[in-house]
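>>> based on what follows, work out the 3D shape:
(one chain, ligands or ions: 3)
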Amino acid sequence: MIDLRFSEAELEQRREHITGFIREQIDAAGAEGAVLGLSGGIDSTLTATLAVEALGAENLHGLVLPATVSSEGNMSDAERVAQDLEIGYDVIEIEPLVDSLLAAYPEAEGDREAVGNARARLRAVLNYLVANHEQRLVLGTGNRSEAAVGYFTKYGDGAVDCHPIGNLYKGQVRQLARHVGVPEELAAKTATAELWADQTDEDELGISYDTLDSILAAHIDGPLSVAATCRLLEVDEATVERVRGMYERSEHKRTVPPAPPSLE
Ligand SMILES: Nc1ncnc2c1ncn2[C@@H]1O[C@H](COP(=O)(O)OP(=O)(O)OC[C@H]2O[C@@H]([n+]3cccc(C(=O)O)c3)[C@H](O)[C@@H]2O)[C@@H](O)[C@H]1O
Ligand SMILES: Nc1ncnc2c1ncn2[C@@H]1O[C@H](COP(=O)(O)OP(=O)(O)OP(=O)(O)O)[C@@H](O)[C@H]1O
Ligand SMILES: [Mg+2]
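Ligands and ions are numbered 1, 2, ... in the order given. Down below sits the predicted model:
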């Protein structure tokens, strides 16, 4: 695999770059601070930690939004993150909202993916309810690895005002988290979207983040051909092609929705 770890100096540089970015986004919008969803996972934990450094705890509002499929451990970790960072936060159960949605459209009952994505979108509705009401921006928690393969819900966790950690591969998210003092048990935790029971990112994607990060850095974001990537990483061609396919098929999630070209 490629060693994508930062040096100590680079970690400090990234920390300042991201906190500066968050401050600029809030200032440019004339907003009163930010809101973000806290899941107990490492992406939201790192984003919240850097946002507190950037804005101060009083300017960040956390939302812990449990569903029936959320694990108690993750939800208590999410609350612990808010408490350790000393930010204001609310805990709002989203399953009644899921139930209302399914009462309105029972045909989707039992469709694991559709209902799971609806959970992510209901969280986005709540984020924006708070953002509108308190003149805040919604901070995204997506990283480069997820964005590149479209591993997020369109207009769900992807519905945000900016992506502070959007340039970091997943392994780098863990490394920066450790650097800024996130407890090891959170930094090392298995990544899960928790849109349905027992979901994990690596199982669903069918690839480890170590391998995915390296293929992205070498081939999708980097200059290497498929063949050169296979040789360098000692992975088979089918794996690289699969990542390339996920990248290409998810292009629509990373761009503004198109309209027909102008006839003028
Ligand atoms: N070519 C195209 N051009 C324009 N639009 C296109 C399209 N193909 C699909 N679409 C639209 O996109 C929709 C499918 O996209 P979407 O609704 O996002 O659904 P989809 O990509 O199928 O599912 C989301 C994936 O992200 C994962 N996820 C979600 C949330 C959080 C996390 C996490 O890591 O925490 C992971 C989730 O487990 C699942 O694997 C289609 O229903 C259609 O409306
Ligand atoms: N139960 C939840 N309550 C509040 N926000 C949530 C919840 N579940 C997911 N989210 C939001 O959706 C985002 C995307 O989830 P994702 O799983 O990719 O990130 P994570 O949980 O922070 O880290 P990891 O990928 O390591 O699990 C979270 O960072 C968080 O902002
Ligand atoms: Mg998660």
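>>> spell out which parts of the stretch 1-150 of the chain neighbour ligand 1.
Within the stretch 1-150 of the chain, the residues that sit near ligand 1 (CB under 6 Å from any ligand atom) are 113, 117, 120, 146, 150. Where C-beta positions appear, they are placed from N, C-alpha and C, glycine not excepted.
>>> could you redo the last one with a cut-off of 5 Å?
Among all residues of the stretch 1-150 of the chain, those adjacent to ligand 1 (criterion: CB under 5 Å from any ligand atom) are 117, 120.
>>> for ligand 2, what's its nearest residue on the stretch 1-150 of the chain.
residue 41 (2.1 Å; CB to the nearest ligand atom).
>>> ok, that residue to residue 174 distance?
Counting by CB to CB, to the nearest Å, the gap from residue 41 to residue 174 is 11 Å.
>>> quick one on the thing from earlier: what sits against the residue of the stretch 1-150 of the chain closest to ligand 2?
By CB atoms under 8 Å, 6 or more residues apart in numbering, the contact list for residue 41 reads 74, 141, 189, 191-192.
>>> okay, the residues you listed in CSV with distance to residue 106 and neighbour count next?
Supplementary listing: the contacts of residue 41 in CSV, determined by distance: CB to CB, whole Å; neighbours: other CB atoms under 10 Å:
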residue, distance to residue 106, neighbour count
74, 29, 17
141, 32, 25
189, 35, 17
191, 32, 21
192, 28, 21
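>>> now do the strand or helix carrying residue 10: everything it contacts.
When elements are assigned from DSSP states H and E, residue 10 belongs to helix 8-29. When contacts are defined by CB under 8 Å, 6+ apart, helix 8-29 is touched by residues 6, 33-34, 50-51, 53-55, 59, 137, 139, 161-162, 164-165, 168, 172, 175-176, 179-180.
>>> go with 10 Å
Counting by CB atoms under 10 Å, 6 or more residues apart in numbering, helix 8-29 makes contact with 5-7, 31-34, 46-47, 49-55, 59-60, 135-137, 139, 161-168, 172, 175-176, 178-180, all of which sit outside it.
>>> which residues touch residue 160?
Listed by CB under 10 Å, 6+ apart, the contact set of residue 160 reads 35-37, 124, 127-128, 131, 137-142, 152, 166.
>>> out of these, which end up buried?
Burial by neighbour count, judged by 16 or more other CB atoms under 10 Å, picks out 35-37, 124, 127-128, 131, 137-142, 152, 166 from the contacts of residue 160.
>>> and those residues, which is closest to ligand 1?
Relative to ligand 1, the closest of these is residue 152; by CB to the nearest ligand atom it sits at 4.9 Å.
>>> not counting residues beside it along the chain, what's closest to the closest one?
Computed as CB to CB, 6 or more residues apart in numbering, the closest residue to residue 152 that is not its neighbour in sequence is residue 158, at 4.6 Å.
>>> same check, this time on residue 127
residue 138 (4.6 Å).
>>> how about that neighbour, secondary structure?
Assigned by DSSP: H, G, I helix; E, B strand; the rest coil, the conformation of residue 138 is strand.
>>> hmm, back to that, show me the contacts of helix 8-29 that map onto strands.
Of the contacts of helix 8-29, the ones assigned to strands by DSSP state E are 34, 60, 137.
>>> show me what from the stretch 151-264 of the chain comes close to ligand 1.
Checking the stretch 151-264 of the chain against ligand 1 by CB under 5 Å from any ligand atom, the hits are 151-154, 157, 193, 252.
>>> the same query, at a cut-off of 8 Å, please.
Listed as neighbours of ligand 1 in the stretch 151-264 of the chain under the rule CB under 8 Å from any ligand atom: 151-158, 191-196, 199, 201, 204-205, 249-253, 257.
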